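Trainee: below is the sequence, then the predicted model.
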Amino acid sequence: MRKFFIVLLFIFYSASFTGYAQSIVVSFNPSDNQAKIDSIIAFNQATQKTVVVSNSNSIVLSPSTNADIATLNVAVFTVYPNPFLAKTRINYYSKAEEMVSLTVVNNMGQVITALNEEMRLGMNSFELSLKSAGFFWLTIKSGTIQNTFKIINLKTGNEKNRISYLGSGSSANREKSAIADPVQYQFDVYSGGNITRIVDKPVVSKTFTVDFHECKDAAGRKYRIVKIGTQWWMAENLAYLPAVSSPSTESNIDPVYYVYGYNGTNATDAKNTLNFKTYGALYNWKASLSACPAGWHLPTDAEYSVLAEFLGGSTVNGGKLKESGTLHWGAPNTGATNESGFSALPGGYRNSNNSFFGIGGTGYWWNATEFPYDLYFAKSVLLMYGSSTLHRENNRSKLGFNVRCIKN
């Protein structure tokens, strides 16, 4: 059966660039022949751009020197920045004069804003303004081609929700190839609801064989996973929240769950906060021991040691785990490259003063090893905005830390 590829290319405007660079095609084949790749989300860590490919196992990172993009069966667009602060730019490349519809819906499925516009041949630009912070879904439809992906607004805006057409421009101004100066890409590959992350600096076309493993918590939420060395880790914080307590509640014996900045006891309300959606839940040590999905477990101190050594030792291992940039981490976010794909975030913690502290600057994660000299202490790891080291510590088990799980 003939495959139809929907390819989304990274695009930018540059008056000085008039030629086309060599294309890099990155393909992903599932190791299980019964699996099917549904979509690919690619994040360019240099430009902070995200693109989405649907119904294809390949993505083109730059246009070919020998192909006119107008002859390709493609839909080309970018949203940058994403996440954004009240406003963002949408660029859409049209290979013909055509009608395109753009629709933004919230998590309840309600249409927030929409626009139908006749596209001109070449690059067309839009500005999206959103009044409320949160997660939304942007759908761009042209003929039989439709793509939907998540966008994140981090700031309450002063203007009404709207999509504004800004006009069209030249199709020749596109991103240069990563060949001369390799750029790190983060690929999230989706199959049947399972998500595997691969991080690479492609300089030539290549194909990855992708393993998919279900990582689904007791509430049915699925998580991204990444292979680091021989270990499979969650690539995002655990967000299993069967209950929630205010920071004034603490225990060394019973499981307690928190959400940073939330002082109530309603789990539904806590799950709707931006901190929960970004950083997941905080757990006392007792809660962390049983929170991981089936087939996964809270890592031991020895398993964290394997991770730390694989990433090159104490001077660099923390930087390789931290999300790069300063969208979530405070400046200077020392040494952060995220070349592991672990994407550690500074979710802060619930401290011994019955309050929350450290969001944006620190991230703590429990491990399953109890401190041998005090039953009310357990081992944990720490990452900080001003350090490139993965610190290993002993902390009171009543504190509230994030959790990452490792595959059995």
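Mentor: That came through fine.
Trainee: my guess is residue 83 contacts residue 327, does it?
Mentor: Yes: shown here, residue 83 and residue 327 form a contact pair, counting by CB atoms under 8 Å, at 6.5 Å. Backbone N, C-alpha and C define where each C-beta goes, glycine included.
Trainee: could you count how many residues lie near the closest residue to residue 96 other than its chain neighbours?
Mentor: Spatial nearest neighbour of residue 96, chain neighbours left out: residue 121 (6.2 Å); criterion: CB to CB, 6 or more residues apart in numbering. Applying the criterion other CB atoms under 10 Å, we find 14 residues in the vicinity of residue 121.
Trainee: wait, residue 121 touches residue 97, no?
Mentor: Yes: under the contact definition of CB under 8 Å, residue 121 touches residue 97, with a separation of 6.0 Å.
Trainee: picking that back up, ok, residue 83 and residue 327, which is more surrounded?
Mentor: The residue with more neighbours, out of residue 83 and residue 327, is residue 83; 19 against 15, by other CB under 10 Å.
Trainee: how is that one assigned, secondary-structure-wise?
Mentor: Here residue 83 takes the strand state, with states given by DSSP: H, G, I helix; E, B strand; the rest coil.
Trainee: which residues touch it?
Mentor: Counting by CB atoms under 8 Å, 6 or more residues apart in numbering, residue 83 makes contact with 151, 152, 153, 154, 327.
Trainee: buried only: go through these for me.
Mentor: For the contacts of residue 83, a burial check counting by 16 or more other CB atoms under 10 Å picks out 151, 152, 153.
Trainee: now, among those residues, which is nearest to residue 163?
Mentor: residue 151 (11.8 Å; CB to CB).
Trainee: which SS class is that closest one?
Mentor: Note that with three-state DSSP, the state of residue 151 is strand.
Trainee: and the pLDDT at it?
Mentor: The predicted local confidence for residue 151 comes out at a pLDDT of 94.
Trainee: let me see the backbone angles for residue 320.
Mentor: Residue 320 has phi and psi values of phi -70, psi -20 when expressed as degrees, to the nearest 10.
Trainee: same question, residue 279
Mentor: Per-residue torsions, residue 279: phi -110, psi -10 (degrees, to the nearest 10).
Trainee: how many other residues sit next to it?
Mentor: Under the neighbour criterion other CB under 10 Å, residue 279 is assigned a count of 24.
Trainee: contacting residues for the nearest residue to it once chain neighbours are set aside?
Mentor: Nearest in space to residue 279, with sequence neighbours left out and distances taken as CB to CB, 6+ apart, is residue 347 at 3.5 Å. Residue 347 makes contact with 237, 260, 275, 278, 279, 280, 282, 359, 363, 364, 402, according to CB under 8 Å, 6+ apart.
Trainee: take the residues you listed and keep only those in helices.
Mentor: The subset of the contacts of residue 347 located in helices under the criterion DSSP state H comprises 275, 278, 279.
Trainee: next, format those residues as JSON lines and append pLDDT and distance to residue 252.
Mentor: Supplementary listing: the ones in helices among the contacts of residue 347 in JSON lines, determined by pLDDT from 0 to 100; distance: CB to CB, whole Å:
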{"residue": "275", "pLDDT": "98", "distance to residue 252": "25"}
{"residue": "278", "pLDDT": "97", "distance to residue 252": "28"}
{"residue": "279", "pLDDT": "98", "distance to residue 252": "24"}
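Trainee: now tabulate the contacts of residue 347 in CSV and tack on distance to residue 60.
Mentor: What follows is these, written out as CSV (distance: CB to CB, whole Å):
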residue, distance to residue 60
237, 32
260, 39
275, 36
278, 30
279, 33
280, 33
282, 41
359, 38
363, 35
364, 40
402, 36
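Trainee: for residue 215, state which of the residues you listed is nearest.
Mentor: Out of those, the member with the shortest distance to residue 215 (by CB to CB) is residue 237, at 12.4 Å.
Trainee: show me what contacts the spatially closest residue to that closest one that is not a sequence neighbour?
Mentor: Distances taken as CB to CB, 6+ apart place residue 280 nearest to residue 237, at 3.2 Å, with adjacent residues excluded. Remark: with contacts taken as CB under 8 Å, 6+ apart, residue 280 is in contact with 236, 237, 238, 239, 347, 402, 403.
Trainee: dump the residues you listed to JSON lines, plus distance to residue 298 and pLDDT.
Mentor: Shown next, in JSON lines, are the contacts of residue 280 (distance: CB to CB, whole Å; pLDDT from 0 to 100):
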{"residue": "236", "distance to residue 298": "15", "pLDDT": "98"}
{"residue": "237", "distance to residue 298": "13", "pLDDT": "98"}
{"residue": "238", "distance to residue 298": "9", "pLDDT": "98"}
{"residue": "239", "distance to residue 298": "15", "pLDDT": "98"}
{"residue": "347", "distance to residue 298": "16", "pLDDT": "98"}
{"residue": "402", "distance to residue 298": "11", "pLDDT": "98"}
{"residue": "403", "distance to residue 298": "7", "pLDDT": "98"}
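Trainee: mind checking which of these are buried?
Mentor: Buried by 16+ other CB under 10 Å: 236, 237, 238, 239, 347, 402, 403, out of those.
Trainee: please tell me how far the closest residue in space to residue 263 that isn't next to it in sequence sits from residue 260.
Mentor: Counting by CB to CB, 6+ apart, the nearest residue to residue 263 once its immediate chain neighbours are dropped is residue 246, at 4.7 Å. Residue 246 sits 12 Å away from residue 260, going by CB to CB, to the nearest Å.
Trainee: can you give me the helices for the chain?
Mentor: Assignment of helices within the chain using DSSP H yields the ranges 267-271, 274-279, 285-288, 301-310, 317-321.
Trainee: so how far is residue 272 from residue 131?
Mentor: Note on residue 131: its distance to residue 272, by CB to CB, is 17 Å.
Trainee: kindly report the same for residue 194.
Mentor: 25 Å.
Trainee: neighbour count for these two, which is higher?
Mentor: residue 194 (21 against 14).
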